[in-house]
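Just to be clear, the model below is a prediction. Sequence and coordinates:
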Amino acid sequence: MKKLTVVDHPLVQHKLTLMREAGTPTAVFRQLLREISQFLAYEVTRELPLTTKTIQTPMQEMEAPTLAGKKLALISILRAGNGLLDGVLELIPSARVGFVGLYRDEETLQPVEYYFKVPDALSERVVIAVDPMLATGNSAIAAITKLKEAGAKDIRFLCLLAAAEGVAAMHEAHPDVEIVTAALDAKLNEHGYIVPGLGDAGDRMFGTK
Ligand code: URA
């Protein structure tokens, strides 16, 4: 399965345009990211398995739908993933949360893990990895490889912006992982930034340079 879902809802596209604008202040950028993350979370959870349970309404007993299985796991790929985390957690408050930290070794250019803390029983959970920018895909691919090594079997990847290169690389490395994004941008520049993009998502959400 090679799946890419672009959430083209008008509110998402409008908010994303505001985020792309260079003059959008940090606080507004962060708030918009939180808002968009909820639309993306809505889409990425569309196929979650349901079961039923017997409940009593004020009128009568009924068999009502409820999420099946263990609580899902949200995995933030540090640091920019944290900008998506809170909004997704508002929608799925009982989700378990993990973090994967990777940096790029400047000599080998390969991602190196510096932090890995994830919920238990990953193999029994739907796992949603979050990172706003799928650019080269190197860090997302490495993070998902680590999650699979930790037992994850059902993984989805949620991002704000994806470049075609990153999507192709992810599909190649992890064809089983569904990608949900707000937009698919044209390309990467020579520094690996998405263009037109929105710049460095971490810097823009945290006000760093
Ligand atoms: N990471 C970012 O924050 N922005 C890009 O354009 C690419 C990677």
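Everything's here; your move. Just so it is clear, the model here is predicted, and its values are computed rather than measured.

residues from this protein in reach of the ligand?
Within the chain, the positions lying close to the ligand (CB under 6 Å from any ligand atom) are 80, 133, 135, 193-194, 197, 200-202. Just so you know, the C-beta spots here come from the backbone N, C-alpha and C atoms, and that holds for glycine as well.

residue boundaries of the helices in the chain?
Counting by DSSP state H, residue ranges of the helices within the chain are 10-20, 26-44, 82-91, 138-149, 164-173, 201-206.

Can I get those helices in CSV including mean pLDDT and mean neighbour count?
Formatted as CSV, the helices of the chain follow (pLDDT from 0 to 100; neighbours: other CB atoms under 10 Å):
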stretch, mean pLDDT, mean neighbour count
helix 10-20, 98, 16
helix 26-44, 97, 19
helix 82-91, 96, 19
helix 138-149, 96, 20
helix 164-173, 96, 18
helix 201-206, 96, 20
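
Mind putting those into a markdown table with distance to residue 123?
Shown next, in a markdown table, are the helices of the chain (distance: least, CB to CB, whole Å):
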| stretch | distance to residue 123 |
| --- | --- |
| helix 10-20 | 32 |
| helix 26-44 | 19 |
| helix 82-91 | 21 |
| helix 138-149 | 10 |
| helix 164-173 | 20 |
| helix 201-206 | 30 |
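
Tell me who's in contact with residue 71.
94-96, 119, 125 (CB atoms under 8 Å, 6 or more residues apart in numbering).

What's the separation between residue 119 and residue 128?
12 Å (CB to CB, to the nearest Å).

what sits in contact with each of the two?
Both residue 119 and residue 128 are contacted by residue 73, under the criterion CB under 8 Å, 6+ apart.

Looking at those two, which is more packed in?
More crowded of residue 119 and residue 128, by other CB atoms under 10 Å: residue 128, with 25 against 19.

longest strand anywhere in the chain?
Assignment by DSSP state E gives strand 96-104 as the longest strand of the chain.

what's the model's confidence in that strand, averaged?
For strand 96-104, mean pLDDT rounds to 93.

Between helix 138-149 and it, find me the angle.
If you take axes from the mean of the first three to the mean of the last three CA atoms, to 10 degrees, strand 96-104 sits at 130 degrees to helix 138-149.

Next, the buried residues of strand 96-104.
Neighbour-count burial for strand 96-104 flags 96, 98-102 (criterion: 16 or more other CB atoms under 10 Å).

Throw these into TSV and include distance to residue 52, thanks.
Converted to TSV, the buried residues of strand 96-104 look like this (distance: CB to CB, whole Å):
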residue	distance to residue 52
96	23
98	29
99	34
100	35
101	40
102	40
